[in-house]
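below: sequence and its predicted model.
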Amino acid sequence: MRSLPVPARPLGRAPRWRGRLHLHRFRWAADDAFSGSSLYACRCGVVRPSP
């Protein structure tokens, strides 16, 4: 029985940024009705509240 090499990442999932460094660029997205703060979103889908 031959051993097969183990892939470095799960099959079927391509890297999102193809190995490039990604810095989040947050832009205002909406106001949060529960906390009253503003929400900022990056183009990759990461969302955070205002500091």
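Structure's in. What do you need? Not measured: the values here are computed from a predicted model.

looking at it, S37 is touching P49, isn't it?
Yes. Using C-beta atoms under 8 Å, S37 is in contact with P49, at 4.7 Å. From N, CA and C alone the C-beta is placed, and that goes for glycine too.

pLDDT weak spots in the protein?
For the chain, the stretches with pLDDT under 70 are 1-19.

show me the helices in it, by range?
Read by DSSP state H, the chain holds no helices at all.

and the strands in it?
For the chain, applying DSSP state E gives strands covering 27-31, 38-41, 47-49.

may I have the longest one exported as CSV, CA atoms only?
What follows is strand 27-31 as a C-alpha-only set of coordinates in CSV (Å, rounded to 0.1, in the frame of the first residue of the first chain):
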residue,chain,number,x,y,z
ARG,A,27,-15.7,51.5,5.0
TRP,A,28,-18.8,52.6,6.7
ALA,A,29,-21.5,50.0,6.1
ALA,A,30,-24.5,50.7,8.5
ASP,A,31,-25.5,51.9,11.9
